[in-house]
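Sequence first, predicted model second:
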Amino acid sequence: MTGTTKTIHGEWSSRFAFILAATGSAVGLGNIWKFPYITGENGGGAFVIVYLLCVALIGIPIMMAETMLGRRTRQDPINTMEQLTEEAGADKNWHYVGWAGVSAGVLILSYYSVIAGWASAYVIKAFTGSFSNANAEAIKGIFDAFIGSPMQLIFWHSLFMAATMLIVVRGVSNGLEYAVRHLMPGLFGLMILLLGYAMTTDGYFQGLHFLFNPDFSKLTSDSVLTAMGQAFFTLSLGMGAVMVYGSYLTADISIAKTSVIIAAIDTIVALLAGLIIFPIVFTHGLHPDSGPGLIFKTLPIAFGSMTGGWLFGILFFLVLTIAALTSSIALIEPAVAWLVDSKGYTREKACIASGLVTWLLGLGTVFSFNIWSDVKLFDRTFFELLDYLTANLMLPIGGFAIAVFAGWIMKRQHSEQELNMPNAQYYQLWKFLICYVAPAAVFLVFLHVVGVL
Ligand code: PHE
């Protein structure tokens, strides 16, 4: 690993830069688009509790493990796994963890980009005043007409993919750091403002109740799996993105502290999204289980009726698009880094190749909302199947493998040195979570889903 690796392995300029970039990767459509609609589909409060438990007990320890593995080798996920396997004298098959991660990133980005395209299209819709004074039915009409048109979806998907690849090709530090530094505070500000609006609606307490009042009878084994999958998805875990970002991290930075900060910010943004969306849902007699279109059918109602809503609508969808961009670059970076590292591609060529494959796959998701909406396998459309396969299966399985590797395969002395905790008890706690709690939790959820438990 000489020569070529230098071109991609820059370093974050500071701890703050790393936190920003990793938060940028974590905060995205998963928090604002996905969390509300899957919470709505899975009955609310009880689902949220399982999700929060998964973030704390599985997500944070695995985030620390992934960052640590990446930083130790400073390579892409596939080479990282290969090198660490060698260091630990373990079975060579561990490098498949890296492979699975790189593939999961491409698969996820293929549909992520389509949905991010919706957000970008909504910037224009907000700008042209489509939402002004529109009622819930009119807003739903706009959404249905939009996703019914393959051409429109392809246009926005293509645009979003092009933007992603343009940033990635320039390397992550400047463009990315700049974007996240300026946009994350903006996203927060807008969300607080929308929360203010939601608090004035009649449905606010009903929304609050839905989000925080657990009714465990609504929890099926599949919703437990979905909650766990969401914890992985929203924290960008189990597929090597955090590993790659960790590989650009300098040695003096505390992995534990940064992981907790990132997970906390990510969780706050998701809960904020729920607190904004459900009150609007109930106020306008909509259904929390309206699926992937939920935010596109609810938020425009708010923008259409509040003072300054025109401007806030434009800004909100713009910021959402950019939050999606800072995640999409993390989804494709493992593939690009690997093509450069191992295949000797230039960064340009690696971007074109991985971008094209992802774009093509994305067409399947585009069509699943219109001309293929009736084509189903295991009762799921192409998009639903891809989402289930990646978020609910590949990420948790990847995370499980990473936990087992970091906890059981890697030498204690190496993880201790890499994590460099200020006190031995913290290390013990992490070790316990990563060796026992995280793998056992993932395993039990899977047993539950296949019906053994
Ligand atoms: N965490 C991102 C989100 O919530 C999605 C993502 C998953 C990004 C995996 C990178 C890696 O939108």
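Structure's in. What do you need?

buried set for whichever helix in the chain runs longest?
Determined from DSSP state H, the single longest helix within the chain is helix 309-343. By 16 or more other CB atoms under 10 Å, the buried positions in helix 309-343 come out as 309-310, 312-342. Backbone N, C-alpha and C define where each C-beta goes, glycine included.

Over to stretch 366-382?
Those would be 366, 367, 368, 369, 372, 381, 382, for stretch 366-382 by 16+ other CB under 10 Å.

Let's have those residues in JSON lines, adding pLDDT.
As requested, the buried residues of stretch 366-382 are exported to JSON lines (pLDDT from 0 to 100):
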{"residue": "366", "pLDDT": "98"}
{"residue": "367", "pLDDT": "98"}
{"residue": "368", "pLDDT": "98"}
{"residue": "369", "pLDDT": "97"}
{"residue": "372", "pLDDT": "96"}
{"residue": "381", "pLDDT": "96"}
{"residue": "382", "pLDDT": "97"}
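
Dump the residues you listed to JSON lines, plus distance to residue 95 and secondary structure.
As requested, the buried residues of stretch 366-382 are exported to JSON lines (distance: CB to CB, whole Å; DSSP: H, G, I helix; E, B strand; the rest coil):
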{"residue": "366", "distance to residue 95": "33", "secondary structure": "helix"}
{"residue": "367", "distance to residue 95": "34", "secondary structure": "helix"}
{"residue": "368", "distance to residue 95": "33", "secondary structure": "helix"}
{"residue": "369", "distance to residue 95": "36", "secondary structure": "coil"}
{"residue": "372", "distance to residue 95": "35", "secondary structure": "coil"}
{"residue": "381", "distance to residue 95": "33", "secondary structure": "coil"}
{"residue": "382", "distance to residue 95": "29", "secondary structure": "helix"}
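
Show me what the mean pLDDT comes to for the longest helix of the chain.
Mean pLDDT, helix 309-343: 90.

So what's the gap between that helix and the chain middle?
Between the centre of helix 309-343 and the centre of its chain there are 10 Å (CA atoms, centre = their mean, to the nearest Å).

quick one: that helix near the ligand?
Yes - interface with the ligand: helix 309-343 contributes 327, 330, 331 (CB under 6 Å from any ligand atom).

Same check on stretch 52-62?
No - with CB under 6 Å from any ligand atom as the criterion, the ligand is not reached by stretch 52-62; the gap is at least 10.9 Å.

Can you point out the buried residues in that stretch?
52, 54, 55, 56, 58, 59, 60, 61, 62.

ends of that stretch, how far apart?
Distance across stretch 52-62, first residue to last, is 15 Å (CA to CA, to the nearest Å).

Get me the contact residues on the stretch 151-300 of the chain for the ligand.
233, 234, 236, 239, 241.

picking up where we left off before, quick one: which of the residues of helix 309-343 next to the ligand is nearest residue 392?
Nearest to residue 392 among the residues of helix 309-343 next to the ligand: residue 331, at 16.8 Å, using CB to CB.

Touching, the closest one and residue 111? I think so.
No - the pair residue 331 / residue 111 is not scored as a contact, 10.5 Å apart, by CB atoms under 8 Å.

do you know how far the closest residue to residue 162 other than its chain neighbours is from the ligand?
Take residue 162 and drop its neighbours on the chain: the residue closest to it by CB to CB, 6 or more residues apart in numbering is residue 355, 7.9 Å away. Separation of residue 355 from the ligand (CB to the nearest ligand atom, to the nearest Å) stands at 16 Å.

check contacts around residue 355.
161, 162, 164, 165, 332 (CB atoms under 8 Å, 6 or more residues apart in numbering).

I'd like the distance between residue 445 and residue 61.
Distance of residue 445 to residue 61, given as CB to CB, to the nearest Å: 16 Å.

brain fart, residue 237
10 Å.

And for residue 97?
Distance, residue 97 to residue 61, using CB to CB: 16 Å.

Kindly report the same for residue 229.
Distance, residue 229 to residue 61, by CB to CB: 17 Å.

now residue 68
Residue 68 is 11 Å from residue 61, by CB to CB.

and what of residue 301?
For residue 301, the distance to residue 61 - CB to CB - is 40 Å.

same question, residue 228
14 Å.

and if you look at residue 181?
To residue 61, residue 181 is 28 Å away according to CB to CB.

who's in contact with the closest residue to the ligand within the stretch 101-250 of the chain?
Of all residues in the stretch 101-250 of the chain, the one sitting closest to the ligand is residue 236 (3.4 Å; CB to the nearest ligand atom). By CB under 8 Å, 6+ apart, the contact set of residue 236 is 22, 25, 26, 242, 327, 330.

which of those sit farthest apart?
The widest separation within the contacts of residue 236 (CB to CB) is 12.0 Å, between 242 and 327.

what comes up buried for stretch 136-145?
Judged by neighbour count (16+ other CB under 10 Å), stretch 136-145 contains these buried residues: 136, 139, 140, 142, 143.

Tabulate the residues you listed (JSON lines), appending distance to residue 153, secondary structure and pLDDT.
Formatted as JSON lines, those follow (distance: CB to CB, whole Å; DSSP: H, G, I helix; E, B strand; the rest coil; pLDDT from 0 to 100):
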{"residue": "136", "distance to residue 153": "23", "secondary structure": "helix", "pLDDT": "92"}
{"residue": "139", "distance to residue 153": "18", "secondary structure": "helix", "pLDDT": "95"}
{"residue": "140", "distance to residue 153": "17", "secondary structure": "helix", "pLDDT": "96"}
{"residue": "142", "distance to residue 153": "14", "secondary structure": "helix", "pLDDT": "97"}
{"residue": "143", "distance to residue 153": "12", "secondary structure": "helix", "pLDDT": "97"}
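
The ligand next: which of the residues you listed are close?
Applying CB under 6 Å from any ligand atom to the buried residues of stretch 136-145, none is adjacent to the ligand.

Take those residues and lay them out in JSON lines including distance to residue 427.
Shown next, in JSON lines, are the buried residues of stretch 136-145 (distance: CB to CB, whole Å):
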{"residue": "136", "distance to residue 427": "52"}
{"residue": "139", "distance to residue 427": "52"}
{"residue": "140", "distance to residue 427": "52"}
{"residue": "142", "distance to residue 427": "53"}
{"residue": "143", "distance to residue 427": "49"}
